[in-house]
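> Kindly generate the corresponding structure for this input.
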Amino acid sequence: MIRYINETTQYLQNKGFDNPEIGIILGTGLGKLVEEVEIIKEVSYNHIPNFPTATVEFHKGKLIFGILEGKKVIVMQGRFHLYEGYTMQDVTYPVRVMEKLGIKTLLVSNAAGAVNLKFKKGELMLIEDHINLQGNSPLAIKGVEKLGERFTDMSAPYNKAINSSIQNIAKINKITLHNGVYVSVVGPQLETRAEYKMLKIIGADAVGMSTVPEIIVANHLNLKTAAVSVLTDECDPNNLKPVDINEIIAIAGKAETKLITLFKELIKTL
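You can find the predicted model right below:
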């Protein structure tokens, strides 16, 4: 893996990806932040050596380097999921490459279902902790100690200072921002009523199919991290209706302006 990471990093450096400070992973239906970036270079995933290729139709599949609020950023427009058939190492490979390129901070967004019924669709949730129900770890590989501490501490996986800044930004901009626990499952099927009841019992506020592997690897690499969920549906097991993925994408798009405000204002302070 080290050889692959070095090959990919060298390719991107040759393409002009010059010492980015901040990495950003954009979730399902959340690609418009790219419009705010002064783009210097963009490369399709399928042109990058050793890189996975996004297979979900609403994920763009581009790695973008540019300037946002005066900072050099590298943006993943489209991410990878276990449900596409990738391994944990595939899903998190871009994080390792971004760290090798120079990032110190990783910001992540996702679309998620609200298990906490006090939260409503179209609102945002700042992730303060998570539960990994994906059945594996991106660190469970031979030789992982060559990339970082094998027994990575996860007592505070999300940077408290950055989270505090995001909360203040939300308050100033009158954005409803909940705090909560995100549970990551494999998918791609949505949860049953019984599964939603279980998630509530174990402490979930929101559920999705991403983010946790990337956050684990970011902590493995000693990156500062923060993640925000856009809540796209309400997961009430006693009043469960069929989910329309197009509606989820539409709700994510409407809420995205609030997410963009949070990330842009935060980046000014980093």
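> And the contacts of stretch 196-208?
Here stretch 196-208 makes contact (Cβ atoms under 8 Å, 6 or more residues apart in numbering) with 27, 110-116, 119, 125, 127, 131, 178, 180-185, 191, 229, 231, 235-237, 240. (Each C-beta comes from the backbone N, C-alpha and C, glycine too.)
> now do stretch 160-179
Residues from elsewhere that reach stretch 160-179 (Cβ under 8 Å, 6+ apart): 105, 116, 118-119, 123-126, 128, 205, 224-226, 228, 231, 258, 261-262, 265-266, 269-270.
> Identify each buried residue in the lengthiest helix in the chain, please.
Criterion DSSP state H: the longest helix present in the chain is helix 245-269. Of all the residues in helix 245-269, those buried under the rule 16 or more other Cβ atoms under 10 Å are 245, 248, 251-253, 255-256, 258-260, 262-263, 265-267.
> out of the residues you listed, who's nearest G70?
Comparing the buried residues of helix 245-269 against G70 with Cβ to Cβ places I267 closest, at 8.0 Å.
> how near is the closest one to D236?
Using Cβ to Cβ, to the nearest Å, we find I267 at a distance of 35 Å from D236.
> Derive a PyMOL selection command for the buried subset of the contacts of stretch 160-179.
Under the burial definition 16+ other Cβ under 10 Å, those of the contacts of stretch 160-179 that qualify are selected in PyMOL by:
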select buried, resi 105+116+119+123+124+125+126+128+205+224+225+226+228+231+258+262+265+266+270
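> so which strand or helix has the nearest residue to V37 once chain neighbours are set aside?
With Cβ to Cβ, 6 or more residues apart in numbering as the criterion, V37 has its nearest non-adjacent residue at 4.2 Å, and that residue is G66. Per DSSP states H and E: G66 is located in strand 62-68.
> Then R79?
Using DSSP H and E, R79 is not contained in any helix or strand.
> Looks like it contacts L26 (just checking).
Yes. The criterion here is Cβ atoms under 8 Å, and R79 meets it with L26 at 7.2 Å.
> What count of nearby residues applies to the spatially closest residue to V115 that is not a sequence neighbour?
The shortest distance from V115 to any non-neighbouring residue, by Cβ to Cβ, 6+ apart, is to A204 (4.5 Å). Neighbourhood size, A204 [other Cβ atoms under 10 Å]: 25.
> Regarding A204, what is its secondary structure?
coil (DSSP: H, G, I helix; E, B strand; the rest coil).
> Give me the phi and psi angles of it.
When read as degrees, to the nearest 10, the backbone of A204 gives phi -80, psi 140.
> just to revisit the earlier point, mean confidence score for the longest helix of the chain?
What helix 245-269 shows for mean pLDDT is 91.
> other SSEs contacting it?
strand 105-114, strand 124-132, helix 160-172, strand 224-234 (3 or more Cβ pairs under 8 Å, 6 or more residues apart in numbering; DSSP states H and E).
> before we move on, the earlier item: export the helix or strand just after the strand holding G66 to PDB, keeping only CA atoms.
With elements assigned by DSSP H and E, the helix or strand that comes after strand 62-68 is strand 71-77. Output in PDB follows, covering the C-alpha atoms of strand 71-77 (Å, rounded to 0.1, in the frame of the first residue of the first chain):
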ATOM      1  CA  LYS A  71      -6.800  28.100   1.900                       C
ATOM      2  CA  LYS A  72      -5.500  25.300  -0.400                       C
ATOM      3  CA  VAL A  73      -8.100  22.500  -0.400                       C
ATOM      4  CA  ILE A  74      -8.500  19.100  -2.000                       C
ATOM      5  CA  VAL A  75     -12.100  18.100  -2.500                       C
ATOM      6  CA  MET A  76     -13.400  14.600  -3.200                       C
ATOM      7  CA  GLN A  77     -16.500  15.200  -5.300                       C
END
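> what's the helix or strand immediately after strand 71-77 in the chain packed up against?
Sequence-wise, the next helix or strand downstream of strand 71-77 (DSSP H and E) is helix 88-101. Secondary-structure packing of helix 88-101 (3+ Cβ pairs under 8 Å, 6+ apart): helix 2-14, strand 22-26, strand 71-77, helix 212-220.
> Redo those as JSON lines? Include distance to K62 and mean neighbour count.
Compiled in JSON lines, the helices and strands packed on helix 88-101 are given as follows (distance: least, Cβ to Cβ, whole Å; neighbours: other Cβ atoms under 10 Å):
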{"stretch": "helix 2-14", "distance to K62": "12", "mean neighbour count": "15"}
{"stretch": "strand 22-26", "distance to K62": "10", "mean neighbour count": "25"}
{"stretch": "strand 71-77", "distance to K62": "5", "mean neighbour count": "23"}
{"stretch": "helix 212-220", "distance to K62": "17", "mean neighbour count": "26"}
